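A.B. asks: the following block contains a protein sequence and its predicted model.
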Amino acid sequence: MRCAREEGRIAGLSAARSLGHWSRAGGWRLRRARRLRRRAQAFADFVNASFAPPAGLAEMITDDTLLCRCEDLRAGEVRAAVAAGARSASAVKMWTRCGMGPCQGRICGWSLARYVARLSGQPLAEIGDNEPRIPIKPLPLGAIVAEEETVVEAAE
């Protein structure tokens, strides 16, 4: 989170500079944001290296291995989807519902993408992530207007 915050700050300051809105303080803030981002990234790299899954973990996955707790989805179903032609985390998600439960892929998305990459032989960058979605659905504008009218009538 800290990396993202500093990256946003760097982007904003860089945009201000490119538009000609620059000062000595802007330069100081940009250098500080870059320093904080490097420090945060170093910490994130350390944590990722310290808690990386052990080597050989992927070889222990069987068809009965649970990949998505929310949808009770097993590795065999993902393997079947990849064998049938699903070549991305999103495609597997659509075929199997992996990542469509209450957590929206926040728990299983990381392992799903890596498992699909391993099964398909594609680089992880081509597989993509199982993008979590907020569990909402679009409303017609008329429904929103009708709700506002109801609230106004109740207030009168």
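C.D. replies: Yep, it's here. Numbers count the residues shown, from 1 in each chain.
A.B. asks: and the protein, what are its domains?
C.D. replies: Under the assignment named as automatic domain parsing, the residue ranges that make up the domains of the chain are 2-50, 58-127.
A.B. asks: right, so these: which one is the most enclosed?
C.D. replies: Of all the domains of the chain, domain 58-127 carries the top mean neighbour count, a mean of 17, counting by mean count of other C-beta atoms under 10 Å. Every C-beta, even on glycine, is put in place using the N, C-alpha and C of the backbone.
A.B. asks: distance between the ends of it?
C.D. replies: Domain 58-127 has its terminal residues 17 Å apart, counting by C-alpha to C-alpha, to the nearest Å.
A.B. asks: swap in stretch 15-35?
C.D. replies: Taking C-alpha to C-alpha, stretch 15-35 runs 18 Å from one end to the other.
A.B. asks: follow-up on the earlier one: out of the domains of the chain, which comes closest to Gly142?
C.D. replies: When the domains of the chain are compared for distance to Gly142 using C-beta to C-beta, the nearest one is domain 58-127, at 27.8 Å.
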